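Q: A structural model of the following input is requested.
(one chain, ligands or ions: 2)
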Amino acid sequence: MSTQTRHFLDISSFDSAQIRRLIEDAKALKAARVKGQPAVEKPLAGKKIAVIFQQPSLRTRMSFDVGINELGGHVLMVSGDEIELGQRESIADTARVMSRYVDGIMIRMLSHHELEELAHYATVPVINGLTKRSHPCQVMADVMTFEERLGPIAGRTVAWTGDSNNVLASWVHAAARLDVKLQIATPEQLAPPDALMDWGRREGASIKLTRDPYEAVSGADCVITDCWVSMGDADREYRHNLLRPYQVDDRLMAAANRDAIFMHCLPAKRGEEVAESVIDGPRSAVWDEAENRLHAQKAVLVWALGNPT
Ligand code: CP
Ligand code: NVA
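A: Numbering: from 1, shown residues only. Ligands and ions are numbered 1, 2, ... in the order given. Prediction:
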């Protein structure tokens, strides 16, 4: 692997200044799009990007397709089944071959280990479009959404209630890099992995872990949750039983700061992890959050594939 290859696998691989710059670039790209002016002259012109999904997607799929097109690039949309990723040939060989055809790879696959293997053998940038371990593009959009609504995120408090999953892991990474106070409530059986919490502590993140969602949202500027059953999870009934007390409803939102917003990466299940009155209510930022995937990913694409600055 060339050390110059600009992979975007995890927020934890970047320093604070790099993440801040990507967020600011995303805001500039959004402002230019709103005005109908491209901020940059087609930085992906002539570039071909493979966009590969082993799991279903609406937001990631469409926002990457639209974003790459707006930046002047060409999308090769592929499903993991079509190429029998990891079955027909090794991940390493797939990476080597794809690198001869395309200029970049955006991929959603459950195995983070295989994503890292793909990136190791690819000689073109690889972007993580969600693994079982993390969802960095989502959290870049979340940070951008927080800042649009509430101003700079440094020193502010974000609460997570519910399952400990890929989105939360990327929030732990962002908390360390952007000086966010993260207050997490999960059932004991679904707590974040020790390795993730140890990483956060080592990197100086301010993270509080509790079983009590009310404790987590106390003093929070933003309350976040996600589905109770993520892609690749089996034990649906077990999870539902454990997670029911972690639903974000009006009572829980009332225990956060008065101007606190609600975020959810979507897709959402109303009546499960979030009450309809919250996700469709005035404090919900979920539609901006979904839109901001487009802008945040465009910033990542320009960084990874545009001409280096
Ligand atoms: N939030 C998110 O990644 O949505 P999709 O699974 O629809 O891409
Ligand atoms: N945690 C969810 C996120 C979906 C975008 C999942 O992994 O299914």
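
Q: once you drop chain neighbours, what's closest to the residue most central in space within the chain?
A: Nearest to the geometric centre of the chain sits residue 138, at 2.2 Å (C-alpha atoms, centre = their mean). Spatial nearest neighbour of residue 138, chain neighbours left out: residue 265 (4.9 Å); criterion: C-beta to C-beta, 6 or more residues apart in numbering. Bear in mind the C-beta positions are built from the backbone N, C-alpha and C, glycine included.

Q: now the one you found: how far from ligand 1?
A: Relative to ligand 1, residue 265 is positioned 4 Å away (C-beta to the nearest ligand atom, to the nearest Å).

Q: about what we covered before: just checking, the residue nearest to the centre of the chain touches residue 264?
A: No: taking contacts as C-beta atoms under 8 Å, residue 138 lies outside contact range of residue 264: 10.3 Å.

Q: picking that back up, the residue nearest to the centre of the chain: which element?
A: helix 136-150 (DSSP states H and E).

Q: and ligand 1, is that helix touching that?
A: Yes: counting by C-beta under 6 Å from any ligand atom, ligand 1 has neighbours in helix 136-150: residue 138.

Q: direction included, what does the helix or strand following that helix pair up with?
A: Counting by DSSP H and E, the next helix or strand C-terminal to helix 136-150 is strand 157-161. Each strand paired with strand 157-161, and its direction, by DSSP bridges: strand 181-185 (parallel), strand 222-225 (parallel).

Q: starting at the chain centroid, how far to the last one?
A: In terms of C-alpha atoms, centre = their mean, to the nearest Å, the gap separating the centre of strand 222-225 from the centre of its chain is 14 Å.

Q: who does residue 185 form a beta bridge with?
A: For residue 185, the beta-bridge partners are residue 161, residue 210 (DSSP bridges).

Q: which parts of the stretch 151-300 of the chain sit against ligand 1?
A: 265, 266, 267.

Q: show me the strands in the chain, by range?
A: 48-53, 74-79, 104-108, 126-128, 157-161, 181-185, 206-210, 222-225, 261-264 (DSSP state E).

Q: in CSV, list those strands along with mean pLDDT.
A: What follows is the strands of the chain, written out as CSV (pLDDT from 0 to 100):
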stretch, mean pLDDT
strand 48-53, 98
strand 74-79, 96
strand 104-108, 98
strand 126-128, 98
strand 157-161, 98
strand 181-185, 98
strand 206-210, 98
strand 222-225, 98
strand 261-264, 98
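
Q: can you redo these as TSV with distance to residue 286 and mean neighbour count?
A: Converted to TSV, the strands of the chain look like this (distance: least, C-beta to C-beta, whole Å; neighbours: other C-beta atoms under 10 Å):
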stretch	distance to residue 286	mean neighbour count
strand 48-53	22	22
strand 74-79	25	15
strand 104-108	20	26
strand 126-128	22	27
strand 157-161	15	27
strand 181-185	19	23
strand 206-210	24	16
strand 222-225	10	27
strand 261-264	5	25
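
Q: who wins for proximity to residue 240 among those strands?
A: Minimum separation from residue 240 across those (C-beta to C-beta) falls at strand 222-225, 13.9 Å.
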